[in-house]
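Asks: This is a predicted model, with the sequence first.
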Amino acid sequence: MDVLAEELRMSKRTLYAHFPSKMALLEAVVHAKFDEVESDLRKIAAERTGDFFQALHVFLTCVQEHTAEIQPTFLRDVQREAPEFFQLVRKRRRETILRYFTRLFAAGRKAGIIRRDISAKVLIEILLGATEAVVNPQKLTELNLSPRAGYSAVISVILDGAILGRKKKGEAQR
């Protein structure tokens with residue numbers, strides 16, 4: 001709180017007047033960030049054209065830009081110092097992915113781009129599971145990845161296996 005108050009050029013007392021504890025400040029910051037992400041995704045969904053690949057690119061760019069702002073040390077510290085709060089972060093991340101990517105994948109399936117032999121729900125659960133497995137403080141550190149790079153890797157692997165017509169040489173059409 002000392003460092004933050006100094007960076008904001010205010011007294012710690014003023015900071016504590018707005019946020020009675022470090023947890024209250026953390027909660028406000030994380031909720032504000034998720035609200036910002038949701039607002040951006042909502043705008044993108046409302047403006048989305050019929051082009052699945054363009055919509056997918058815009059959605060992923062948005063998520064990656066927001067993810068790039070998160071420092072691995074921040075995630076690690078939150079998970080270590082406030083594990084119950086980290087669970088809230090995971091819950092909000094899950095809800096956001098479910099809300100926006102389920103609709104997007106459904107549109108891709110309707111357009112004949114997303115494989116029909118894998119249900120959209122299974123595809124989303126795979127995306128969520130991979131995100132949880134890779135985009136967490138311990139694994140990011142172990143793999144020497146930023147949150148953005150980890151998320152990008154998950155998306156790339158999931159989508160290359162889910163989108164029709166993106167097969168490797170010699171691989172049969174699914």
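Replies: Good, I have the coordinates.

Asks: where exactly do the helices run in this structure?
Replies: 2-8, 12-18, 22-47, 52-68, 72-81, 83-110, 120-134, 137-143, 147-160 (DSSP state H).

Asks: Mean neighbour count and mean pLDDT for those - can I get that in JSON lines?
Replies: From N, CA and C alone the C-beta is placed, and that goes for glycine too. Listed next are the helices of the chain as JSON lines, based on neighbours: other Cβ atoms under 10 Å; pLDDT from 0 to 100:
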{"stretch": "helix 2-8", "mean neighbour count": "10", "mean pLDDT": "78"}
{"stretch": "helix 12-18", "mean neighbour count": "12", "mean pLDDT": "84"}
{"stretch": "helix 22-47", "mean neighbour count": "14", "mean pLDDT": "88"}
{"stretch": "helix 52-68", "mean neighbour count": "16", "mean pLDDT": "83"}
{"stretch": "helix 72-81", "mean neighbour count": "15", "mean pLDDT": "78"}
{"stretch": "helix 83-110", "mean neighbour count": "16", "mean pLDDT": "85"}
{"stretch": "helix 120-134", "mean neighbour count": "16", "mean pLDDT": "86"}
{"stretch": "helix 137-143", "mean neighbour count": "14", "mean pLDDT": "84"}
{"stretch": "helix 147-160", "mean neighbour count": "17", "mean pLDDT": "81"}
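
Asks: Could you count how many residues lie near the residue nearest to Ala28 when sequence neighbours are not counted?
Replies: Closest residue to Ala28 apart from its sequence neighbours, by Cβ to Cβ, 6 or more residues apart in numbering: Phe19 at 6.4 Å. Residues lying near Phe19 (other Cβ atoms under 10 Å) number 16.

Asks: Distance-wise, check Phe19 relative to Glu84.
Replies: 18 Å (Cβ to Cβ, to the nearest Å).

Asks: next one: Arg99
Replies: From Arg99 to Glu84 the distance is 23 Å (Cβ to Cβ).

Asks: that older thread, these two touch, right, the residue nearest to Ala28 and Lys12?
Replies: No: counting by Cβ atoms under 8 Å, Phe19 stays clear of Lys12, with 10.6 Å between them.

Asks: and the closest residue in space to Arg48 that isn't next to it in sequence, what does it touch?
Replies: Distances taken as Cβ to Cβ, 6+ apart put Ala55 closest to Arg48, at 4.5 Å, once the chain neighbours are dropped. By Cβ atoms under 8 Å, 6 or more residues apart in numbering, the contact list for Ala55 reads 44, 48-49, 104, 107.

Asks: now swap in Leu127 and tell me
Replies: 97, 101, 154-155, 158.

Asks: likewise Thr73?
Replies: Per Cβ under 8 Å, 6+ apart, neighbours of Thr73: none.

Asks: Equivalent analysis for Ile44, please.
Replies: 55, 58-59, 62.
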